[in-house]
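Asks: Next one to model:
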Amino acid sequence: MSIYRNYTDKQINELNSNYLVDTWSYTKLSSFARNEKAFEMREIYGIRDKSSATTVAGQAYHFSLDRYFFARQKGDNFDLADLQTFAFDYIEEYNASWWKLQKTTPTIEECKIKAIKTVTQLLENFYSEISTYIDDIKIIIDVEVSCDQYLTINGVDIPLRCKGKIDLVYEDFEGNIVITDHKSKAALSDEEEIKLSIGRQAITYVNLYEAEKGIVVNKIRFIENKYSKNKDKSAQLVSFPVMVTDDVRKLYEALLYEPLKRMISAVSDPDYVYLINESDSFSDKADIFAFWARTMICEVEEFNVPENKKELVSKRLKKIRDASLATINPSIIKKFQENASQFIQYDLSNKDMTQEQKIEHVLRTFGIIINVAYVFEGYSSKTFLINVCAGTKLNSIKSHSLDLANALDVERVRLSKDLIVHNGKSYLAIETVIESERVLNWDKSKLVGQKIPIGEDNFGNVITWDLNNQSTPHCLVGGGTGSGKSVELISILKYAEEAGITDIIILDPKFEFVNYSKKYKVFNEIIDIENEMKRLVDLMNDKVKNGQSSKCLIIFDEFADAVMQSRKGNQLDIREDVEVGFYKQSKMEMLMGMPMQPKMQNKKVGELKSLSDNLQMLLQKGRSSGFRIICAAQRADATIINGASKVNFPVQICFKVDKQVSSIVMIDEPGAEGLRGRGDGLFKSPQYNDTIRFQGYYYNQN
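Replies: This is a model prediction of the structure:
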């Protein structure tokens, strides 16, 4: 076992401080062995490669196979249509800034079409030749298992952690523990060549899994799936098995150790010169040379370097700049960088353009003439106001939203549904996520009357929820973990308190507001929440009957989960022992004049209202008597948050969610899936004409 597995956290941090990277993997090692400069660009400076349509198709294929074998492990099964749906969703949700546009696929839409065609063929091959997999499987042990361990290779303890994901691990019918790796290929590998080439990858996976799980691996299989059809009707799936004997381990560890030793030596030396391999077909040569030029003139902040490595890399960059600028004029380096970028097809992230120029350029390549009139920068997003030329169809711009995202090097852009009027003129708004450390702090002065501040838009306007407006009585809030939903609820709570609302009730099935139980009425258990909701309905009915009205704010966190867990059906029956007749008397009892004994039976005599029914009643009738309700949900459950229920929530707030469909469930439109998180939200209300992007306030509880 590696000595480094016994190190304390302090020792680990001290150890890692000597290296430009913290981990290694087979992918990193193969990148280093193939092209050192490409390794430096990706692993040290954090410049991610863009992915071609076939690469994304291969990732989607892996994703679908993971779902298939996860289900099979549990005794379930997915058919071909299910797998295709998984793959298509993966492609649809793929980050727009990660697509690589090429001559044959010059737009993201064409990239998607090619990726879908490719993965469809891969999955059809898999399903038609599935016996290549399942005929060998007795028991599935692990699927897509993540491993992170210190390893000993060739008798040497490697001082960097090894990380990797193992596609599939199972026991075969001969008792072997088998690791299987899925591969999608344009052409099948030569059997003799692959026996040598797979050695380093095989032994990396074997050692990594054994260290992670403590299970000895006896065999490894690489199963290739060729997406182009064989004309001779031969198999599209080919398995390359390797028995992991002691001799094989020694041979493959020796093969692995040589490049691994060189890589470790390189990342431990801040002055190491990473060489460019111009024959590398896996890396774009223009990308590499453009990166090389950047390292001579750019600061560390312009790269995606991890925080704990910035000092090391910064020193390295200074040495590179000092050496290069002493011999080469900076203007020559910049000119070289411009020339290199000309060879990077369809990739504006390498062009020396402002974001405004990139937006204009990308749309002009599709024959759409526009100009960026204004730019507004908020806390989490930036808004570009686009002046659209007469005769241009707005839908033609919206159809290229992913191409805009790709050019701006962001995951997605959001285009306004309606035009925005600024200084008396209409503009189309394009919004992008920005990385910013600024925080919009909670500010008491933003409160006016009982207009609760929700946040601020990119134009500096305060967005409010007016508790005195009868058309906006209730609010629906959605968002995933880390999106800012809970912080928003606390901000609203504090503003409501400042606005003079004293009757505040918190229904909290997830126990996130227990710290507020001394100041407010907080209910956590489902039965207590049900009883409190019934009490509130009774109170509402009394208020309506007596013509009374007083403000009462109800915050119902994770209400969808609470409704799912609440009592339903016959659990709500009210049952009592009811007299249904008399028992027949005997002659003796009759002669003795004894009274007849009643016959009792437990029967349903009524029915309680469910939590859902009581909530619906309070939402529908409570506004006139002063009830204001905020219902929040992390999970966008369409069976509960449906069209009928959302009628009662004229105010809707949605923070970042994982999928487009979740955004549609919460606010009836896409967009929340592309938010940054940490308070970046979308706001809908009858008080405003369009859906507004805003930054929520942060209330410091300390």
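
Asks: what sits against Glu110?
Replies: 53, 104 (C-beta atoms under 8 Å, 6 or more residues apart in numbering). Every residue, glycine included, has its C-beta placed from N, CA and C.

Asks: Try it again at 10 Å.
Replies: Taking C-beta atoms under 10 Å, 6 or more residues apart in numbering as the criterion, Glu110 is in contact with 53, 99, 101-102, 104.

Asks: what's the most distant pair in these?
Replies: Trp99 and Thr104 (13.1 Å; C-beta to C-beta).

Asks: what touches both of the two?
Replies: By C-beta under 10 Å, 6+ apart, the residues touching both Trp99 and Thr104 are 52-53, 110-111.

Asks: The host helix or strand of Asp66 - contacts with which helices or strands?
Replies: For Asp66, the host element (DSSP states H and E) is helix 53-73. Helices and strands touching helix 53-73, by 3 or more C-beta pairs under 10 Å, 6 or more residues apart in numbering; DSSP states H and E, are helix 80-92, helix 108-128, helix 131-134, strand 139-149, strand 161-171, strand 177-185, strand 219-226.

Asks: Check which residues of that helix are buried.
Replies: 53-69, 72-73 (16 or more other C-beta atoms under 10 Å).

Asks: go on, stretch 238-258?
Replies: 238, 240, 242, 244, 248-249, 252-253, 255-257.

Asks: Show me the residues you listed that map onto strands.
Replies: 238, 240, 242 (DSSP state E).

Asks: Columns distance to Asp172 and pLDDT on top of these, output as JSON lines?
Replies: Supplementary listing: these in JSON lines, determined by distance: C-beta to C-beta, whole Å; pLDDT from 0 to 100:
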{"residue": "Val238", "distance to Asp172": "18", "pLDDT": "92"}
{"residue": "Phe240", "distance to Asp172": "15", "pLDDT": "91"}
{"residue": "Val242", "distance to Asp172": "13", "pLDDT": "90"}
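
Asks: Please identify which of those is nearest to Ser612.
Replies: Nearest to Ser612 among these: Val238, at 54.8 Å, using C-beta to C-beta.

Asks: got the contact list for the closest one?
Replies: 129, 132, 183, 185, 188-189, 191, 194, 222-226 are the contacts of Val238 under C-beta under 10 Å, 6+ apart.

Asks: Poorly predicted segments of this protein, please.
Replies: Along the chain, segments meeting pLDDT under 70 span 192-193, 195-196, 321, 323-352, 702.

Asks: Break it down into its domains, please.
Replies: The record assigns the chain these domain ranges, following automatic domain parsing: 3-13+20-267, 285-342, 353-433, 444-567+609-696, 571-607.

Asks: What is the neighbour count of Ser445?
Replies: By the other C-beta atoms under 10 Å criterion, the neighbourhood of Ser445 contains 6 residues.

Asks: Check Glu36 too.
Replies: Residues lying near Glu36 (other C-beta under 10 Å) number 20.

Asks: ok, it to Arg42 distance?
Replies: Glu36 is 11 Å from Arg42, where distance means C-beta to C-beta, to the nearest Å.

Asks: try Ser30
Replies: 12 Å.

Asks: Between these two, which has more neighbouring residues?
Replies: More crowded of Ser30 and Arg42, by other C-beta under 10 Å: Arg42, with 20 against 17.

Asks: For Ser685, which residues are in contact?
Replies: Ser685 makes contact with 454, 463-466, 469, 471-472, 475, 650-653, 691-692, according to C-beta under 10 Å, 6+ apart.

Asks: Check the residues you listed for burial and list the buried ones.
Replies: Counted by 16+ other C-beta under 10 Å, the contacts of Ser685 give 454, 463-466, 469, 472, 475, 650-653, 691-692 as buried.

Asks: Check the residues you listed against Ser146 and report the nearest one.
Replies: Using C-beta to C-beta, Ile653 is the member of the buried ones among the contacts of Ser685 that sits closest to Ser146, with 34.2 Å.

Asks: Quickly list what that closest one is bridged to.
Replies: Applying DSSP bridges to Ile653 gives these bridge partners: Val477, Phe683.

Asks: Name all residues that make contact with it.
Replies: 454-455, 463, 465, 475-479, 484-485, 488-489, 492, 630, 632, 666-667, 672, 681-685, 694, 696.

Asks: repeat that with 6 Å
Replies: 477, 681, 683 (C-beta atoms under 6 Å, 6 or more residues apart in numbering).

Asks: in which helix or strand would I find the second one?
Replies: Using DSSP H and E, Gly681 maps to strand 680-684.

Asks: can you state the direction angle for whatever helix or strand comes next after that strand and strand 680-684?
Replies: Later in the chain than strand 680-684, the nearest helix or strand by DSSP H and E is strand 692-696. Angle of strand 692-696 versus strand 680-684, following axes from the mean of the first three to the mean of the last three C-alpha atoms, to 10 degrees, is 130 degrees.

Asks: Run through who's touching strand 692-696.
Replies: Under C-beta under 6 Å, 6+ apart, the answer for strand 692-696 is 378-381, 431, 440, 455-457, 463, 484, 488, 679, 681-683.
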